[in-house]
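Engineer: here is the input, now give the coordinates:
(one chain, ligands or ions: 2)
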Amino acid sequence: MKYISTRGQAPELTFEEAMLTGLARDGGLYLPAEIPVMTKDEIASLAGLPYEEIAFRVMWPYVSGSFAEDEFKSIIARAYQGFGHAARAPLKQLNENHFLLELFHGPTLAFKDFAMQLIGQLFQVALKRRGERVTIVGATSGDTGSAAIEAFRGLDAVDVFILFPHGRVSEVQRRQMTTPADSNVHALALEGDFDDCQAAVKDMFNDFDFRDGVKLAGVNSINFARVLAQVVYYFSAATSLGAPHRKVSFTVPTGNFGDIFAGYIAKRMGLPIDRLVVATNQNDILHRCLSGEGYYKGDTIPSISPSMDIQVSSNFERALYYAYGEDGNAVAQLMEELKSGGFDVSQGALQALRETFDSGRASEEETLETIKATLASSAELLCPHSAVGVKVGEEHRAPDVPMITLATAHPAKFPAAVEQASGVHPPLPPRMADLYERPERVTRITNDLGAIQAHIKGHISA
Ligand SMILES: Cc1ncc(COP(=O)(O)O)c(C=O)c1O
Ligand SMILES: N[C@@H](CCOP(=O)(O)O)C(=O)O
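Structural biologist: Residues are numbered from 1 along each chain as shown. Ligands and ions are numbered 1, 2, ... in the order given. The predicted structure is shown next:
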């Protein structure tokens, strides 16, 4: 399997190379040159299997040239052994045909653990084999950073620097990033918003002297391995509700478009997904775009679902690549226009996107109301991101197709909003009970590329 860039001008890579490379050298994002398709029988045979076995069968065609079969199986086993639920991604019923896919039973209580725990193991094996070390730089609106720090802390072949927007993540998210004592992980609180953090990471990849000098690697959803690991739970959820003999739809609380893009890959692999519904908070650029208003950046407004406070949605580039008929030049042109504010999506591309995606938005009041109402109707305490999903999912639910909404984080990561909505203070799991007492280690940094690069260079291990 070869991997190609959405902008068409970067070298083709193997899975392992693409995973360790991060952003393509033409500024694009790597994708498999062809998406493998599973037969109806192969999909049917997944029903009832342990999550780890489904993960192996779904991901194996993508990684098989880079890892041995037994090696990959044991990597998967190690990745998910620390999850707090035997099913890994359990499905709960909210009403007659609306289901909740709980993705928050991993070590840092958000869906990011599904991919990050896996790629931590993949990096470890690949770097050891190559005798190399890398510097991972990541951008986070709260959850990617904590999951990355947890997955990579203490590994000797990796230094990790995570940029998060100062004052714009929840206290639990911040403490998950700032309290690990391992010397190879570094939390940087940037004066700016998430888009500034993500732009800085991409600028570092596009500065080849810096990139090659520090051996830069990325664990944001820039990295296709992240997206791939997230494809698995679409298969586990859909087959447990009767796929491939029955269609299902998914609603996905969306920011950087990585999670829902994993659903798109699952659909292209043959999973009978009817609709993929993009659910946004008040930072609704994706909803506006899918409603035909073009893709134009506004100011990021802080919300009670801070992990989705995003304007420049990195993986939307991958969706545009397919919507524009796999034309890398067209994508490169759009990304150029984005630098000066945004672009109109062509009618053909919009139609292609709408063949798969619907969208909706939830206001702050609607999000709070959904947390309260869902607790009353289903005894399920939602985090604010999942509540955005449930509200939009309910609006898009069709009578004859089960709707599965992804519950992307544990309510205890956002206790203030959850308590405001429901009157219930969600406790942290016992293993994190002392999170508020642990000492924090964080560097405040201005939004200046040179200053960030100097800090990183000065703190990587020799
Ligand atoms: C809790 C939570 N929900 C939803 C999202 C949005 O996911 P994505 O960025 O993959 O669209 C994020 C951030 O990634 C998140 O942390
Ligand atoms: N919401 C994310 C933003 C980064 O997304 P990623 O999927 O590209 O890593 C976060 O929690 O950091």
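
Engineer: show me which residues of the protein are close to ligand 1?
Structural biologist: Proximity of the chain to ligand 1, by CB under 6 Å from any ligand atom, involves residues 110, 143, 221, 253-259, 307-308, 385, 408-409. For every residue, glycine as well, the C-beta is placed using N, CA and C.

Engineer: go through these and flag which are in helices.
Structural biologist: 143, 258-259, 385 (DSSP state H).

Engineer: state the mean pLDDT of stretch 202-216.
Structural biologist: Confidence over stretch 202-216, taken as the mean pLDDT, stands at 98.

Engineer: same check, this time on stretch 412-420
Structural biologist: 98.

Engineer: now that stretch: buried residues?
Structural biologist: Neighbour-count burial for stretch 412-420 flags 412-415, 417-418 (criterion: 16 or more other CB atoms under 10 Å).

Engineer: now for these, which pair is the farthest apart?
Structural biologist: Farthest pair in those (CB to CB) is Ala412 and Ala417. Separation: 11.4 Å.

Engineer: re the thing from before, for the buried residues of stretch 412-420, which one is nearest Phe114?
Structural biologist: Taking CB to CB as the measure, Phe114 lies nearest Lys413 of those, at 15.6 Å.

Engineer: pretty sure that closest one contacts Val172?
Structural biologist: Yes. At 4.8 Å, Lys413 counts as touching Val172 under the criterion of CB atoms under 8 Å.

Engineer: for the spatially closest residue to His245 that is not a sequence neighbour, give me its contacts.
Structural biologist: Once flanking residues are discounted, His245 sits nearest to Ala44: 7.2 Å by CB to CB, 6 or more residues apart in numbering. Ala44 makes contacts with 239, 244-245, as judged by CB atoms under 8 Å, 6 or more residues apart in numbering.

Engineer: would you turn those into TSV with distance to ligand 2, pLDDT and neighbour count?
Structural biologist: Converted to TSV, these look like this (distance: CB to the nearest ligand atom, whole Å; pLDDT from 0 to 100; neighbours: other CB atoms under 10 Å):
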residue	distance to ligand 2	pLDDT	neighbour count
Thr239	25	98	22
Pro244	28	98	21
His245	32	98	11
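
Engineer: among the residues you listed, name the ones in helices.
Structural biologist: Reading helices off the contacts of Ala44 with DSSP H, I get Thr239.

Engineer: how about stretch 20-40, does it reach ligand 2?
Structural biologist: No. Stretch 20-40 is not in contact with ligand 2 by CB under 6 Å from any ligand atom; minimum separation 10.2 Å.

Engineer: mind listing what's buried along that stretch?
Structural biologist: Here stretch 20-40 shows 20-25, 27-32, 35-36, 38 as buried, counting by 16+ other CB under 10 Å.

Engineer: next helix or strand past the lengthiest helix in the chain?
Structural biologist: Secondary structure of the chain per DSSP H: the longest helix is helix 112-130. Next along the chain after helix 112-130, taking DSSP states H and E as the criterion, comes strand 134-139.

Engineer: tell me how far that next one is from the chain's mean position?
Structural biologist: Distance of strand 134-139 from its chain centroid, counting by CA atoms, centre = their mean, to the nearest Å, is 16 Å.

Engineer: picking that back up, ligand 2: which of the buried residues of stretch 20-40 is nearest?
Structural biologist: Leu29 (10.2 Å; CB to the nearest ligand atom).

Engineer: quick one: is stretch 286-304 near ligand 2?
Structural biologist: No. Stretch 286-304 lies apart from ligand 2 when judged by CB under 6 Å from any ligand atom; the minimum separation is 12.0 Å.

Engineer: and the contacts of that stretch?
Structural biologist: For stretch 286-304, using CB under 8 Å, 6+ apart, the contacting residues are 168, 193-195, 254, 257, 278, 280-283, 285, 309-313, 316, 334, 338, 341-345, 350, 353-354, 357-361, 364, 367-368, 384, 414, 417, 420.
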